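Participant: Quick one, what's the 3D model for this:
(2 chains)
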Amino acid sequence: MIVVSPRSAVPRSEPPAPSGEVGDLPTGADGEAFRAVFRAHVGHVWRSLRALGVHEADVADASQQVFLVLNANLARWDRAASLRAFIYGICLRVASDYRRRAHRRHERLVASPPDVASGAASPEDNLSRQRDLAWLDAALNDLPAPQREVFVLYEMEELEMSEVAQAVGCPLFTAYSRLRAARKSIAERLDARSER
Amino acid sequence: MTARLTRPVRLRQTAAANSPLGRALASARDRLPSEAEAHEVEAGVLRLLAAGAIGGASAGAVAAHVVTASGGSGGALGAAGGGAGASAAAGVAASLPVAVNAIALKLTLIVALGAGGGALGWRLLSHQPSASPVSPRRPAPASTSRTAGSGAVAPLDSRAQAPAPADAPPPEVRAASVPAVSAAVPPVARRRGAPGDSRVTADPVLAELRLIERARAALAGDPARALQLCRAHAREFPRAVMSEERDAMVISALISLRRFSEARARQASFVIEYPESPHERRLRERLQVEESASPAENDSGSAIGNEKGRAPASHTPARTR
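Facilitator: Next comes the predicted model:
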C-alpha cells in the first residue's frame, strides 16, 4: 500500500529536468514551458495519431486531448525516462480509445481518402502517393493493435526500441517480437499487392 | 538483457525510396500539421488549460473528466499504464515540482485512498462536481458522475465559458489508459482544498488558487459574486500569481452582467498587460458577440436581447462612447 508521506518526506533528489525541457511545466502560469513542449512535439503527436488510425477530421481534437492529458499527468513523468516516449505513450492511449469508439459506432475506421499535403508535386505523383498511403493505412488497420503500435513508433516515428517499449509499456523483448510480427504481415501484404 | 539485441535496421532505410513501401513510409512521415492546424490545437489547449486554473494545476480538471467519463472502475486505478507506469504512485510525489509539493501530500493521500478503497475510492473521486472548469460547485448526484464528462475535451472552437457542447465527441479515455495511477487524482486533490488543512492554507499560492477557484465556480451562476471574489483576490494578493486569470474573469463577469463599457475598458488594458494571453481572443470575441446580441447598451432602450430567452442579470444604463 502506498504510504502517505508528509511533505517533508517527499524525496527531493529528483534529477533536474534537462535544460529546455519541461521541468516547470505544471507550475508555469504563463504556459511558456508548455508552449515549448507543444512546439517540439505537436508534429510527432499529430503524425503518430494519424498512423494510429485517427481520422484526418479528428486529429486536431485528438492532438489537443493528448496535450491536455500530458499536462495533467506530467507529474508522473519519470524524468529519467524519455519525455518523447511518455508523450507517445499518451498518443497510443488516446488513439486506442479513439479506435475503440469509432469501432463501436461503426464509424469510418477504413482508411479514407488520404490527405497528402498537395505541395508542388504533380497530380500523378500525388495520386500515387495517396494510393501508397491508403495502402499503408489499410495495412496498419489490419495489424493487431499492439503490433501496429510498435510498428508505428519504430518504423514511422523512429523511436529507439527501448523508448518503444517504454511508450507501449511492454518488455523490450515483447516489443521486438511485435515488430517482427508486424513487419512480416506488412511484407506479406506488400507481396500480395505486387502480385496483383 | 539488451546486450544481444541489436537495433533492427529501419524499413525506411532498407526499402527502396521509390518502392511502394518506401514511398508510403516517406509520405506518412510528411503527414504533419500545417502551421495553422498546429496553432489551432495550441490555442485550444491553452484556452482549456487557462480555463481550468493556472498552468498545470488546471488541466487536471480536464483529465479528471476524461477519466471519469471512462466508466472505468476502481480496479483501473491499480492498472499500470505505459511509460513510467509501475513506479507511478511513488513517482507522483517524487517527481512533483517543488511548487506543487504542498499538493503532493493530499494527492498521495488520495492515491492511497483510491488504490486501497478500490471502487469506493474511485466513486468518491468521480463525484467531484467541480471537475469542469466552469461548472458551479454543487453536490453532484451519484448518477451523474459518469456522464458529466461528455464535454471534457471540448472541440477546438468551444469556448471555455460554454463547455460541454452536445456535439463534442465524448473523450472516454479509459481509466487504465491515461497513464496509470488515475489521472483523476491530482486534479481532484487540487480542487478539493480540504478544509482545516492548515498546511495547505498556509501556502499563499494555494490560498490564491482557492480564491480564484471560488470565483470561477461562481462565474457561471452568479457573476456578481465572482466579481466580488475577484476584487477580494486583488486586495489580498496584490502580487498575485494568477492576476491574469483574475482579470480575465473580471471581464467575463462584467460581460455576463452586461456591463459592456466597463468590460471594454478592462479588455483594453488586459490586452496591453497580457498581449499573449490565451484569454484575450476569447474574451474579445465574447464581448463582441454578447454586445451585439444585446443592444441594450449601445442602442439605449430597446432590450431585444430578452427575446432570445437570455435573461440579462442586470441592465446597466446605456453609456454611449
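Participant: Give me the contact list for the helix or strand hosting residue A:150.
Facilitator: According to DSSP states H and E, residue A:150 maps onto helix A:145-151. Applying C-beta atoms under 8 Å, 6 or more residues apart in numbering or on different chains, the contact partners of helix A:145-151 are A:52-53, A:92, A:96, A:99, A:140-141, A:143, A:164, A:167-168, A:170, A:175, A:178-179, A:181-183, A:185-186. C-beta: built from backbone N, CA, C; applies to glycine.
Participant: 6 Å instead, please
Facilitator: The contact list for helix A:145-151 (C-beta atoms under 6 Å, 6 or more residues apart in numbering or on different chains) reads A:92, A:140, A:164, A:168, A:175, A:178, A:179, A:181, A:182.
Participant: do the same with stretch A:172-191
Facilitator: Applying C-beta under 6 Å, 6+ apart, the set of residues contacting stretch A:172-191 from outside is A:139, A:143, A:146, A:147, A:150, A:151, A:154, A:161, A:164, A:165, B:21.
Participant: Would you state the predicted confidence (pLDDT) at the third one?
Facilitator: Pointing back at residue A:146 there. Confidence at residue A:146, expressed as pLDDT, is 95.
Participant: now do the last one
Facilitator: What the model reports as pLDDT for residue B:21 is 87.
Participant: Give me the distance from the helix holding residue A:150 to the chain's centre.
Facilitator: Taking C-alpha atoms, centre = their mean, to the nearest Å, the mean C-alpha location of helix A:145-151 is offset from the chain mean by 10 Å.
Participant: now stretch A:61-69
Facilitator: With C-alpha atoms, centre = their mean as the basis, the mean position of stretch A:61-69 lies at 11 Å from the chain mean.
Participant: again, but for stretch A:77-92
Facilitator: The gap between where stretch A:77-92 is centred and where its chain is centred comes out at 10 Å by C-alpha atoms, centre = their mean.
Participant: for stretch A:148-155, same thing?
Facilitator: Once both centres are worked out by C-alpha atoms, centre = their mean, stretch A:148-155 turns out to sit 9 Å from its chain's centre.
Participant: Tell me the buried residues in that stretch?
Facilitator: For stretch A:148-155, burial by neighbour count (16 or more other C-beta atoms under 10 Å in any protein chain shown) applies to A:148, A:149, A:150, A:151, A:152, A:153, A:154, A:155.
Participant: Closest one of those to chain B?
Facilitator: Closest approach to chain B among those (C-beta to the nearest C-beta): residue A:155, at 5.0 Å.
Participant: Enumerate every residue touching that closest one.
Facilitator: Neighbouring residues of residue A:155 by C-beta under 6 Å, 6+ apart: B:10, B:11.
Participant: Residue A:131 sits in which helix or strand?
Facilitator: Assessed by DSSP H and E, residue A:131 sits inside helix A:123-142.
Participant: so what secondary structure elements neighbour that helix?
Facilitator: Helix A:123-142 is packed against helix B:20-29, with contacts defined by 3 or more C-beta pairs under 6 Å, 6 or more residues apart in numbering or on different chains; DSSP states H and E.
Participant: Give me the buried stretch members for the helix or strand following the helix it packs on, please.
Facilitator: Following helix B:20-29 in sequence order, the next helix or strand is helix B:35-52 (DSSP H and E). Of the residues in helix B:35-52, B:37-38, B:40-52 count as buried by neighbour count, 16+ other C-beta under 10 Å.
Participant: right, is helix B:35-52 up against chain A?
Facilitator: Yes - contact of helix B:35-52 with chain A (C-beta under 6 Å from any C-beta of the partner chain) involves B:38, B:41, B:42, B:44, B:45, B:46.
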